[in-house]
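Trainee: After the sequence you'll find the predicted model.
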Amino acid sequence: GFTLLRTDRYVTPTEARNLVVRWSQDNTPTAPIVFVDNDVLVGEGWLEPLVRCAEETGAWVVGPAYYEHLPEQSKLHMLGGECRIEVGADGRRRYHEKHALQHREVSTVNAPMVRHETELIEYHTVLVTAEFFRRTGLLDEGFRSHAEHGDLCLTARKAGGSVWVEPDSRITYAPPRRLAEADAEYFFLRWSEAW
């Protein structure tokens with residue numbers, strides 16, 4: 001009940017995402033794409049709120065409430081945030097990224113978490129509409145950084161789309177505590193200076 005897309009070499013996360021985009025454009029051209037990293041645990045009913053948010057707001061990019069580590073949904077990783085290019089007093093351009101409610105225990109969050117427009121989501125889990133890809137083309141495979149999510153958000157907003165966070169959708173980013181031997185070769189390539 002699924003399609004496996006594979007390559008004969010290691011690919012960057014953006015190259016992998018573009019494989020999915022190309023497949024989707026050929027097979028399901030109007031459907032949104034939902035990217036989910038392999039170190040994520042999705043909460044019950046997580047998908048429907050993302051789709052509903054995109055449909056009701058016209059958002060091109062929608063992220064869930066991101067939690068981190070175990071136990072699930074006990075500590076926030078982020079709930080949207082800031083993402084922009086700023087020009088300093090010295091005239092230099094700088095990338096600015098700030099996560100809202102980063103690393104906060106849920107019990108310490110006093111305000112209700114509500115759907116809202118934001119500047120930032122992350123690729124741990126994100127819905128991206130077909131409209132985004134129609135307007136902007138494929139993701140930039142030349143941009144190899146830990147801030148690929150920022151590039152997605154900046155690109156969407158620059159092209160006239162919006163980015164939203166939908167806290168009725170909940171996922172938990174739960175990376176392993178130790179690197180498995182089978183993952184080491186790709187891990188060190190993925191995070192290498194050379195790449």
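Mentor: Received the coordinates, thanks.
Trainee: Enumerate the positions of whichever helix in the chain runs longest that are buried.
Mentor: Longest helix in the chain, counting residues (DSSP state H): helix 13-27. Across helix 13-27, burial judged by 16 or more other Cβ atoms under 10 Å covers 14, 16-18, 20-21, 24-25. C-beta coordinates here come from the backbone N, C-alpha and C atoms, glycine included.
Trainee: Skip ahead from it and say which helix or strand is next.
Mentor: strand 33-36 (DSSP states H and E).
Trainee: and that following strand, what's its mean pLDDT?
Mentor: Here strand 33-36 scores 98 as its mean pLDDT.
Trainee: show me what contacts the residue most central in space within the chain?
Mentor: In the chain, the residue lying closest to the centroid (Cα atoms, centre = their mean) is Y123, at 2.0 Å. When contacts are counted by Cβ atoms under 8 Å, 6 or more residues apart in numbering, Y123 is found next to 13, 35, 37, 148-149, 152.
Trainee: tell me the angle the lowest-mean-pLDDT helix or strand in the chain makes with helix 13-27.
Mentor: Least confident helix or strand, the chain: helix 181-190 with a mean of 93, by mean pLDDT, DSSP states H and E. Angle of helix 181-190 versus helix 13-27, following axes from the mean of the first three to the mean of the last three Cα atoms, to 10 degrees, is 100 degrees.
Trainee: Give me the contact list for helix 181-190.
Mentor: Counting by Cβ under 8 Å, 6+ apart, 10, 12-13, 179, 195 sit against helix 181-190.
Trainee: the helices in this structure, which residues?
Mentor: According to DSSP H, the helices that the chain contains are 13-27, 47-57, 130-136, 148-158, 181-190.
Trainee: Quickly compare these and say which is most buried.
Mentor: helix 148-158 (a mean of 20; mean count of other Cβ atoms under 10 Å).
Trainee: counting contacts, what elements does it pack onto?
Mentor: On a contact count with 3 or more Cβ pairs under 8 Å, 6 or more residues apart in numbering; DSSP states H and E, helix 148-158 meets strand 61-68, strand 81-87, strand 125-128, helix 130-136, strand 163-173.
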